[in-house]
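Student: no sequence on this one, just coordinates:
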């Protein structure tokens, strides 16, 4: 009778211990899932994450195909005929849109986390375009009316100006494409450092990153008002 009672008590204690451990495991797993969900939601709320910015000042002393036919003719006329150099300033902002569906956080079998990153976005901003007059040792607006009139031999139309602004956009996009290809590793390292800091705030120490193949570059190019206005 006493032996039977002891076995029943031991069995009950073991069952209780197993139930407690199971409940604790479920609780920890639930908290872990909640933490991952919270981290994802917090990161998504950031929206566009700017991780890297490049400022470039290019001195143009000869033209190439990136300016198109009309732009190349104008620059050749100003550079060769008027003894000028062009100062072309633009910046590239490297961003990740964390609201895109490609952005995910996965739990790895060993307990760490993997963050899947969306493709990088590139915002190109043309800050300024000027001519440097070597003979007069002065800077001039690139759309100076007197200069433009001399180029076309008469009245310079709004359509002509728009064609030159479009040529500047095309040139900035091509120059940016070359820089982006060379800076990919630096941009990704900057993104990792930023997101690792955020992840640690949520208790995620072991984090790896998977970056989506870039494919076709995603551009947006804007031009400062002073460039358009001349």
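Tutor: Thanks, I have it. Everything quoted here is computed from the prediction, not taken from an experiment. Residues are numbered from 1 along each chain as shown.

Student: use CA for all of it now, contacts and neighbours both
Tutor: Will do.

Student: now the strands for this protein?
Tutor: For the chain, strands defined by DSSP state E occupy the ranges 48-60, 84-97, 104-107, 113-117, 120-133, 138-141, 207-211, 218-223.

Student: and the fifth one, what does it pack onto?
Tutor: Packing partners of strand 120-133 (3 or more CA pairs under 8 Å, 6 or more residues apart in numbering; DSSP states H and E): strand 84-97, strand 138-141, helix 158-201, strand 218-223, helix 225-229.

Student: got it, and the last one?
Tutor: For strand 218-223, the elements it packs on are strand 120-133, helix 158-201, judged by 3+ CA pairs under 8 Å, 6+ apart.

Student: Those: lowest mean pLDDT?
Tutor: Lowest mean pLDDT within those: helix 158-201, a mean of 89.

Student: and that one, what other elements does it pack with?
Tutor: Of the remaining helices and strands, those touching helix 158-201 by 3+ CA pairs under 8 Å, 6+ apart are strand 48-60, helix 68-76, strand 84-97, strand 120-133, strand 207-211, strand 218-223.

Student: List the strands paired with the last one, with their directions.
Tutor: The pairing partners recorded for strand 218-223 under DSSP bridges are strand 120-133 (parallel).

Student: Let me see the contact set for residue 226.
Tutor: By CA atoms under 8 Å, 6 or more residues apart in numbering, the contact set of residue 226 is residue 128.

Student: What separation is there between it and residue 98?
Tutor: Going from residue 226 to residue 98 by CA to CA, to the nearest Å gives 32 Å.

Student: now swap in residue 56 and tell me
Tutor: Separation of residue 56 from residue 98 (CA to CA): 27 Å.
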